[in-house]
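Asker: let me see the structure of the following:
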Amino acid sequence: MTASHTLQELAQLLGATLEGDPDAMVQQCRGLAEATTGDLTFLANSKYKDQLQTTRATAVLVGKKDETPAGLNVLRCEDPYFAFREAMVALHGYRQHPEPMDAEGGISPRAAVHETASIGEGTRIHPFAVVERGAVVGKGCWIYPGAWVGPDAQIGDDCILFPNCVIYDHVQLGNRVTVHGGTVVGSDGFGYATSKGVHHKIPQQGIVEVEDDVEFGGNCAIERATMGATRIGSGTKFADLISIGHGTTIGSHCLLVSLVGVAGSVTMGNHVVLGGQVGVAGHLSIGDRVTAIAQTGIASTVASDQMIGGAPAVPVEQAKRNMLAFTSLSQLVKRVRTLERAAKQAEPTAQDDADR
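Answerer: Alright, predicted model coming up:
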């Protein structure tokens, strides 16, 4: 779905200041390098500012103080990236979900819905989806082919379960939760007791509780707790390929980038950002508003309002210095070896001692 707007209309919608032709029309959003006539683009990172000179876009979203070339239509705003988000909604809208094939009342006859399951008004269930006994699915949900909702699971209103995702038994999802394809919520925690060299499985009797407005990317795994609950706070967003260990609590409005791994029994605060490939050891706490850059290894508790990096994690400026030093490590080794050889050659020999 696309919709056209004049720049004047967009300026009013976005709360932006227009510099240029108010009657110019835009139909879609594209990047600075790819944009052409009829496109709206944006500058949110200064390293791309040179592309303002060459972009063929009809208009560009920029910051209040950004310098722009003459003759370019610009929409000045406080936060160009958020304004770009708002423009995407206005011009493109959200994904339109297809109706289930051969559906009867929104539920395909080829879906398997247990007679004891409860399905809310307006929910759509595609062919080959399964909703097991005692499960409760709220209003206005979309359940795609291959999705499985386990026994006694609870799904809130306006949730989206994309193809081949799995919601295990007794898992609880809040409202407006999105689960992308291949993600598993509520699989057994990695719990074993080792005795005489043999790993014995511990029954995982807990659940997973997911609050409102959470989104899981593709192929994530959120383990159920051994006892109690693994919890994901409201507004938290996961990218793809993320693993959350059993009994962990993640706060509200956190961002976890792809390939993050969080071990069990971790307590994470609100507004935490974990970059790609960050690893978090078990049984520790991470405070509010912590940011960990990519490939950080968190092995001990982190206080609130820290920016960290490296493995093991240290303050980010120290981590950057360590990384720079590491890039010159081979040269440093050569220098040390050269100095060692020179020192050895300068050592007095036994003959020198006899001559003295």
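Asker: count the residues that sit near residue 75.
Answerer: 25 (other CB atoms under 10 Å). Yep, even glycine has a C-beta here, placed from its N, CA and C like the rest.
Asker: wait, it sits on residue 83?
Answerer: Yes: counting by CB atoms under 8 Å, residue 75 does reach residue 83; the two are 7.1 Å apart.
Asker: anything in contact with each of the two?
Answerer: 14, 16, 61 (CB atoms under 8 Å, 6 or more residues apart in numbering).
Asker: now intersect these with the strands, please.
Answerer: residue 61 (DSSP state E).
Asker: top of the shared contacts of residue 75 and residue 83 by number of neighbours, please.
Answerer: Neighbour-wise, the shared contacts of residue 75 and residue 83 (other CB under 10 Å) top out at residue 61, 27 neighbours.
Asker: next up, the contacts around that one.
Answerer: 14, 16, 40-43, 74-75, 77, 80, 83-84, 87 are the contacts of residue 61 under CB under 8 Å, 6+ apart.
Asker: can you put the residues you listed in CSV and add distance to residue 2, secondary structure and pLDDT?
Answerer: Shown next, in CSV, are the contacts of residue 61 (distance: CB to CB, whole Å; DSSP: H, G, I helix; E, B strand; the rest coil; pLDDT from 0 to 100):
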residue, distance to residue 2, secondary structure, pLDDT
14, 17, helix, 96
16, 20, coil, 97
40, 11, strand, 97
41, 15, strand, 97
42, 17, strand, 97
43, 22, coil, 96
74, 22, strand, 97
75, 18, strand, 97
77, 22, strand, 96
80, 21, helix, 96
83, 18, helix, 97
84, 15, helix, 97
87, 12, helix, 97
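Asker: and which of the residues you listed is nearest to residue 148?
Answerer: residue 84 (36.3 Å; CB to CB).
Asker: what sits closest to that closest one if chain neighbours are left out?
Answerer: Take residue 84 and drop its neighbours on the chain: the residue closest to it by CB to CB, 6 or more residues apart in numbering is residue 42, 4.1 Å away.
Asker: quick one: that neighbour and residue 59 touch, right?
Answerer: No: with contact defined as CB under 8 Å, residue 42 does not count as touching residue 59 (9.5 Å).
Asker: hmm, back to that, please produce a markdown table containing the contacts of residue 61, extended by distance to residue 240.
Answerer: Output for those, formatted as a markdown table (distance: CB to CB, whole Å):
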| residue | distance to residue 240 |
| --- | --- |
| 14 | 30 |
| 16 | 33 |
| 40 | 28 |
| 41 | 26 |
| 42 | 24 |
| 43 | 27 |
| 74 | 35 |
| 75 | 32 |
| 77 | 30 |
| 80 | 26 |
| 83 | 27 |
| 84 | 22 |
| 87 | 25 |
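Asker: ok, of the residues you listed, which come out buried?
Answerer: Among these, those classed as buried by 16 or more other CB atoms under 10 Å are 14, 16, 40-43, 74-75, 77, 80, 83-84, 87.
Asker: can you show me the helices along the stretch 251-356 of the chain?
Answerer: 316-327, 329-346, 350-355 (DSSP state H, counting those that start in this stretch).
Asker: out of those, which is the most enclosed?
Answerer: Comparing those by mean neighbour count (mean count of other CB atoms under 10 Å), helix 316-327 comes out on top with a mean of 13.
Asker: pull the residues that contact it.
Answerer: Contacts of helix 316-327 (CB under 8 Å, 6+ apart): 291, 293, 296, 307-310, 313-314, 332.
Asker: pLDDT on it, on average?
Answerer: For helix 316-327, mean pLDDT is 91.
Asker: that helix to helix 329-346, inter-axis angle?
Answerer: On the basis of axes from the mean of the first three to the mean of the last three CA atoms, to 10 degrees, helix 316-327 is oriented at 60 degrees to helix 329-346.
Asker: hang on, the earlier thing: pick the one among the contacts of residue 61 closest to residue 247.
Answerer: Using CB to CB, the contacts of residue 61 come closest to residue 247 at residue 84, 38.4 Å.
Asker: shouldn't that closest one be in contact with residue 29?
Answerer: Yes: with contact defined as CB under 8 Å, residue 84 reaches residue 29; the gap is 6.6 Å.
Asker: ok, residue 266 - contacts?
Answerer: Counted by CB under 8 Å, 6+ apart, residue 266 has contacts 245, 248-249, 280-286.
Asker: and residue 114, how far is that from residue 191?
Answerer: 29 Å (CB to CB, to the nearest Å).
Asker: so if I had to pick from the two, which one is more boxed in?
Answerer: residue 191 (20 against 14).
Asker: that one contacts residue 202, correct?
Answerer: Yes: taking contacts as CB under 8 Å, residue 191 lies within contact range of residue 202: 4.0 Å.
Asker: which parts of the stretch 1-150 of the chain are helices?
Answerer: 7-14, 80-92.
Asker: including distance to residue 185, could those helices go into CSV?
Answerer: CSV is the format used below for the helices of the stretch 1-150 of the chain (distance: least, CB to CB, whole Å):
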stretch, distance to residue 185
helix 7-14, 36
helix 80-92, 27
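Asker: nearest to residue 206, of those?
Answerer: That would be, of these and by CB to CB, helix 80-92, which comes in at 36.2 Å.
Asker: quick one: distance of the closest one to the chain centre.
Answerer: 19 Å (CA atoms, centre = their mean, to the nearest Å).
Asker: what sits up against that helix?
Answerer: 1-5, 10, 13-16, 26-29, 40, 42-44, 61-63, 75, 77.
Asker: okay if I get the helices of the stretch 251-356 of the chain as a markdown table plus distance to residue 127?
Answerer: As requested, the helices of the stretch 251-356 of the chain are exported to a markdown table (distance: least, CB to CB, whole Å):
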| stretch | distance to residue 127 |
| --- | --- |
| helix 316-327 | 49 |
| helix 329-346 | 57 |
| helix 350-355 | 90 |
